[in-house]
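Student: let's see this in three dimensions:
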Amino acid sequence: MRPIGINTWVWRSPLTDDVLDATLDAVAAFGFDAVELPLEQAGDLSAERVVAALERTGLMPCVVGAMAPGRDLIEPGAVEGTQEYLRACVDLAADIGARSVCGPFYAATGRVWSMTPDERDQTYATWRTHLAPVVEHAERRGVRLGIEPLNRYETSLVNTVEQALTGLDGLLGPSLGLALDTYHLNIEERSSAAAITAAAEHLVHVQVCGNDRGAPGHDQTDWPAILDALDDAGYDGPLVIESFTSENTTIATAASIWRPLAPTQDDLARDGLAFLRELTAHRNGGIS
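Tutor: Sure, this is the predicted structure:
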């Protein structure tokens, strides 16, 4: 069975040592196999505390980063600090046994600007130059980076798999690939399944949610086609539910969560897990 996970952003932000144990205990009690740990600031989580919690709960760890305002690999004044932050994410992943660090590691989420084709090419070249040292650090630590395309309302730089492959051409490899989120695929791709197929060998990590950002299942997403594409691509990693609580003003604004997406956040987790279990349990052949 394919592992099913959830991001702790479903309930709270930030995730820190103070709330780590209670949060991971709850994730495990729901029956999830994996947990996605957001490191919003270096130092929010200590590797020793995380390892202990993972050993107690048996959860598979995944690490994601957040490109908050001021984090940017394009703007010269922000590059050094962003690289330092991303290296901290890589170090946490390596120290807790997570195989990847994923996120929209190019510009601050929500920063959009218009570019000519030539300007886009130049920006991609700048991005590659500033991302390369982080990729080298990830290679040394045995961790793979996954770059996540976002929808047009959250960035103007990398919206599609094709753009990600173009922008990262020459840098993709064992330590750098793509992280895909069904929410963004649903907005930007003509076919989510075809986008997964295009990512194929470069696919590092997959996040899932309903087309409304709520629980996956009973929505407009063609889930069987997505699972077929993941099987064909040879993706054996977890499917991780990523959604957000509207009760945290900062994260709700960043993700445009203006209303509750389920009666409770626990309901969102429970319903999403039940759907994904049923979906993967009825797969014939493939990885699931």
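Student: just to be sure, Ala254 is in a helix?
Tutor: Yes: counting by DSSP: H, G, I helix; E, B strand; the rest coil, Ala254 is part of a helix.
Student: flag the shaky bits of the protein, pLDDT-wise.
Tutor: The chain contains residues with pLDDT under 70 at 248-250, 283-288.
Student: cutoff 50 now
Tutor: 285-288 (pLDDT under 50).
Student: the strands in it, which residues?
Tutor: For the chain, the strands defined by DSSP state E cover 4-7, 34-39, 60-65, 100-103, 144-147, 176-181, 203-208, 239-241.
Student: spit out the contact partners of the closest residue to Thr160 other than its chain neighbours.
Tutor: In space, Thr160 comes closest to Glu188 once its chain neighbours are excluded; the distance is 5.2 Å by C-beta to C-beta, 6 or more residues apart in numbering. Just so you know, the C-beta spots here come from the backbone N, C-alpha and C atoms, and that holds for glycine as well. Contact analysis of Glu188 by C-beta atoms under 8 Å, 6 or more residues apart in numbering lists 149, 151-152, 159-160.
Student: the residue lying closest to Thr82 once chain neighbours are set aside: neighbour count?
Tutor: Nearest non-adjacent residue to Thr82, counting by C-beta to C-beta, 6+ apart: Arg71, 4.6 Å away. Here the number of neighbours of Arg71 (other C-beta atoms under 10 Å) works out to 24.
Student: sorry, back to before: now the contacts of Glu188: which count as buried?
Tutor: Among the contacts of Glu188, those classed as buried by 16 or more other C-beta atoms under 10 Å are 149, 151, 159-160.
Student: farthest-separated two in those residues?
Tutor: For those, the farthest-apart pair by C-beta to C-beta is Asn151 and Thr160; their separation is 9.8 Å.
Student: and the residue lying closest to Trp11 once chain neighbours are set aside, how close does it get to Thr23?
Tutor: Leaving aside its sequence neighbours, Trp11 sits nearest to Gln265 (C-beta to C-beta, 6+ apart; 5.2 Å). Going from Gln265 to Thr23 by C-beta to C-beta, to the nearest Å gives 12 Å.
Student: give me the common contacts of the two.
Tutor: Jointly contacting Gln265 and Thr23 under the rule C-beta under 8 Å, 6+ apart are Trp11.
Student: any buried residues in the longest helix anywhere in the chain, and which?
Tutor: Of all segments of type helix in the chain, defined using DSSP state H, the longest is helix 117-141. Judged by neighbour count (16+ other C-beta under 10 Å), helix 117-141 contains these buried residues: 120, 123-124, 126-128, 130-131, 134-135, 137-139, 141.
Student: which residues outside it are in contact with it?
Tutor: 73-74, 79, 82-83, 86-87, 90-91, 93-94, 101, 105-106, 115, 144-145, 157, 166-168, 170-171, 174-176.
Student: hmm, try it at 7 Å
Tutor: Around helix 117-141, the neighbours that count as contacts under C-beta atoms under 7 Å, 6 or more residues apart in numbering are 73-74, 79, 83, 86-87, 90-91, 94, 105-106, 115, 144-145, 157, 166-168, 170-171, 175-176.
Student: grab the nearest non-local neighbour of Asp72.
Tutor: Asp72's closest residue in space is Ala78 (C-beta to C-beta, 6+ apart), at 3.9 Å.
Student: residues in contact with that neighbour?
Tutor: 70-72.
Student: what separates it from Glu84, distance-wise?
Tutor: Remark: distance between Ala78 and Glu84 (C-beta to C-beta) = 11 Å.
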